[in-house]
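A.B. asks: Whatever this is, show me its structure:
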Amino acid sequence: MGKTKKKSELLEWVKVIGIAVLFAWGIRFYILTPIVVDGASMMPTFEDGDKVVVNKIGPRLTEYKRFDVIVFEAKEDTNYIKRVIGIPGDRIVYENDELFINGKKYDEPYLEEYKKALIDNGTLTGDFTLDENLGESTVPDGYFFVLGDNRRYSTDSRDPRVGFVSKDKILGTAKMVVFPLDNLKIIK
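C.D. replies: Below you'll find the model as predicted:
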């Protein structure tokens with residue numbers, strides 16, 4: 001093999017590896033990105049330390065839906081993972097541990113495990129209305145109302161410091177736990 005052929009082959013390998021690195025970088029930063037769950041606010045859906053894949057592009061092509069699990073920028077360099085409960089125009093009321101949206105009762109099957117495990121026989125989610133907590137009767141346009149699944153121990157939209165989440169602050173949806181492997185699952 002001549003020197004020219006070896007250089008040509010090496011150059012081809014460098015190109016292939018470079019394209020692969022750029023492709024992986026593009027997927028990582030623009031389509032899918034891993035985050036680590038910090039805290040217990042989304043238990044039992046996510047455990048502290050779970051590594052979750054965030055889909056950054058899918059929801060931007062459609063709309064975020066009620067009960068999607070999203071990751072959003074809560075403060076500079078701080079992301080939260082919560083569940084969308086209210087979409088623009090919704091009136092949210094929680095009464096006797098039951099969710100009412102626009103006057104209609106909604107089941108939250110992802111909370112059943114936690115409700116059954118309550119030792120004190122109390123409620124998982126205390127009574128509230130949007131008006132009481134945030135001074136608005138409905139979720140404003142371009143915003144979402146979010147709650148953690150571990151309602152007793154979640155800093156979420158009920159807290160005026162978080163409040164409604166702007167669509168512009170949402171990084172994407174969390175649909176899959178990838179680590180640790182014994183927690184591997186798809187989120188519905």
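A.B. asks: beta partners for the most centrally placed residue in the chain?
C.D. replies: With distances taken as CA atoms, centre = their mean, I70 lies nearest the centre of the chain, 2.1 Å away. I70 has these beta-bridge partners by DSSP bridges: K82, T173.
A.B. asks: show me the contacts for it.
C.D. replies: With contacts defined as CB atoms under 8 Å, 6 or more residues apart in numbering, the neighbours of I70 are 59, 64, 81-84, 144, 146, 165, 170-174. C-betas here are computed from N, CA, C, even on glycine.
A.B. asks: Among those residues, name the buried ones.
C.D. replies: 59, 64, 81-84, 144, 146, 165, 170-174 (16 or more other CB atoms under 10 Å).
A.B. asks: before we move on, the earlier item: check the residue nearest to the centre of the chain and give its pLDDT.
C.D. replies: On the pLDDT scale, I70 is placed at 91.
A.B. asks: And for S157?
C.D. replies: Reported pLDDT for S157: 94.
A.B. asks: Name the SS class of it, please.
C.D. replies: When classified by DSSP: H, G, I helix; E, B strand; the rest coil, S157 comes out as coil.
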